[in-house]
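S.K.: Sharing a model that was predicted from the sequence below.
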Amino acid sequence: MNFDLSEENLQVKSMAASFAQNEIAAKIKEYEKEGRFPREILRKMADVGMFGATFPEKYGGSELGFLNLAIIAEEISKAHPALGYAFNMQAMTCPFTILNWGTEEQIEKYVSRLIKTELIGMFALTESGGGSDAAGSMKTTARLEGDEYVINGSKTFITFADQADVGILFAKTDVNAGHRGISAFIIETDRPGYTAKPIEISSLGKMMQSCEVFFEDYRIPKENLLGKEGEGFKIAMNALDYGRLTVPARLVGIAQGCVDESIRYAKERVVGGKPIGEYQMIKQKIAVMVVETEAARLLTYRSAYLKDKGEAATRESSYSKYFASEVAVKAARYALEIFGGNGITDEYPIMKYVNYANMLHFGEGSANIQRILIADDALGWKNANRHNIKQRFPLAR
Ligand SMILES: Cc1cc2nc3c(=O)[nH]c(=O)nc-3n(C[C@H](O)[C@H](O)[C@H](O)COP(=O)(O)OP(=O)(O)OC[C@H]3O[C@@H](n4cnc5c(N)ncnc54)[C@H](O)[C@@H]3O)c2cc1C
């Protein structure tokens, strides 16, 4: 067993950290203030190859693999958790799902343009009836009419739906077949019948928004079906499996941000004649944050390592998603306690960490859902590894 990061991993980490500092942390405030989508920053991230880490070179990728992907996600999310969201979408959820399930034509048409940010992507699964029961709550339908699918229905909380050019959409092609009636589609947002309406979430700001999305007799060519009819649920679960690599990495980034900021502040802030870091109850919090963040990172790296070997690592990804979400929420709460009143001002990033840690705690499979999967797997009652589908283009080296 080797716990060392390779020379390449260290180089990627250092590149991502300095990019995050110089191009994100230093510039993001103006986008936040104006509530403007940070397209220029995303383009720069694409230019240095960040979104292509897990893609083959022939589609414009850099073949750096999943561990490097996790390392980049952590650094980006630490600099600004909202950019971690964009990273997830452009580097993983949207293009990687197309890579894994698309035809050669679909891959050629969309993947390299997504990882270059010529196209902005989205992933439209959740409906208002409950994200935790994506299949049971799905009312959106797709009906084949000649050479086109006609889509009707609505989705909610779809991030970037107001900015996206393309997306993966899940809809029922057979309303009587339960989750086997769900199909996946690659949609283009410039077609008639598509409307995205941002949802007010003041805690996350207006820079990157999640939206309600409405489909009214929205038509796409039948070639835009992703995978086969009825494979949509499998595709969604497989996509979430991969998301459960980048989401924990982003949560580790948030937790590490809390650790770094808290350590700096605990040394600087003098109360009662000494730096607050000298008080035992502050030390206790810092100790817990440091150790738990490192433990979450190790779990995350392990699932990345297994994915780099070509394994699905569904179980390990659940472990890391669950644990990292608990750790990040706790670290954010501790950081807030350490900062006191200053923590809730915009001068410091603590509230951003609090809000995004809380959001990611339930996003892409809530902590409860992870607990259910993990416990059922441990009890041997259900196969939590049931979506154990190998990636079609393993980058294992
Ligand atoms: C800012 C933001 C961005 C998002 N972006 C996207 C996106 O881009 N695309 C997308 O498709 N979705 C997106 N989502 C949706 C997100 O994935 C869902 O919020 C998540 O899946 C949880 O679903 P829900 O919010 O409907 O909660 P619910 O499913 O209503 O669950 C509510 C609570 O009940 C618990 N619960 C539910 N079922 C069980 C059970 N069987 N046992 C025990 N507890 C249970 C849950 O753990 C949770 O605590 C986003 C959400 C937010 C807030």
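M.R.: Perfect, thanks for sending it.
S.K.: Return the distance of the biggest helix by length in the chain from the chain's centre.
M.R.: Longest helix in the chain, counting residues (DSSP state H): helix 232-268. Averaging C-alpha positions (Cα atoms, centre = their mean, to the nearest Å) puts helix 232-268 8 Å from its chain's average.
S.K.: Repeat that for stretch 371-384.
M.R.: Per Cα atoms, centre = their mean, the centroid offset for stretch 371-384 relative to its chain is 23 Å.
S.K.: Send over that stretch as PDB, restricted to the C-alpha atoms.
M.R.: What follows is stretch 371-384, C-alpha atoms only, in PDB (Å, rounded to 0.1, in the frame of the first residue of the first chain):
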ATOM      1  CA  ARG A 371     -26.600   5.700   4.900                       C
ATOM      2  CA  ILE A 372     -29.300   3.400   3.400                       C
ATOM      3  CA  LEU A 373     -27.000   2.200   0.600                       C
ATOM      4  CA  ILE A 374     -24.100   1.700   2.900                       C
ATOM      5  CA  ALA A 375     -26.200  -0.200   5.500                       C
ATOM      6  CA  ASP A 376     -28.000  -2.300   3.000                       C
ATOM      7  CA  ASP A 377     -24.700  -3.300   1.400                       C
ATOM      8  CA  ALA A 378     -23.200  -4.100   4.900                       C
ATOM      9  CA  LEU A 379     -26.200  -6.100   5.900                       C
ATOM     10  CA  GLY A 380     -26.100  -7.900   2.500                       C
ATOM     11  CA  TRP A 381     -29.800  -7.100   2.000                       C
ATOM     12  CA  LYS A 382     -29.400  -5.400  -1.300                       C
ATOM     13  CA  ASN A 383     -26.600  -5.000  -3.700                       C
ATOM     14  CA  ALA A 384     -25.600  -1.400  -3.300                       C
END
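S.K.: what does it rub up against?
M.R.: The contact list for stretch 371-384 (Cβ atoms under 8 Å, 6 or more residues apart in numbering) reads Thr314, Arg315, Ser318, Tyr319, Tyr322, Gly365, Asn385. The C-beta positions use only the backbone N, C-alpha and C, and glycine is treated the same way.
S.K.: Drop anything exposed from those.
M.R.: Those of the contacts of stretch 371-384 that meet the buried threshold are Thr314, Arg315, Ser318, Tyr319, Tyr322, Gly365, by 16 or more other Cβ atoms under 10 Å.
S.K.: returning to that earlier point: flag every buried residue along the longest helix of the chain.
M.R.: Buried-residue list, helix 232-268, by 16+ other Cβ under 10 Å: 232-259, 261-262, 265-266.
S.K.: Domain parsing of this protein, as residue ranges.
M.R.: Using automatic domain parsing, the domain parsing of the chain gives 7-115, 123-230, 233-379.
S.K.: is the ligand contacted by the longest one?
M.R.: So that's domain 233-379. Yes - using Cβ under 6 Å from any ligand atom, domain 233-379 comes into contact with the ligand via Met359, Phe362, Gly363, Glu364, Ser366, Asn368, Ile369, Ile372.
S.K.: same deal with the shortest one?
M.R.: Yes - contact of domain 123-230 with the ligand is found when judged by Cβ under 6 Å from any ligand atom, involving Phe123, Ala124, Leu125, Thr126, Gly130, Gly131, Ser132, Phe157, Ile158, Thr159, Ile201, Ser210.
S.K.: Same check on the first one?
M.R.: No - counting by Cβ under 6 Å from any ligand atom, the ligand is not contacted by domain 7-115; separation bottoms out at 7.3 Å.
S.K.: measure that domain end to end?
M.R.: Domain 7-115 has an end-to-end distance of 25 Å (Cα to Cα, to the nearest Å).
S.K.: Roughly how far does Glu316 sit from Phe66?
M.R.: Counting by Cβ to Cβ, to the nearest Å, the gap from Glu316 to Phe66 is 11 Å.
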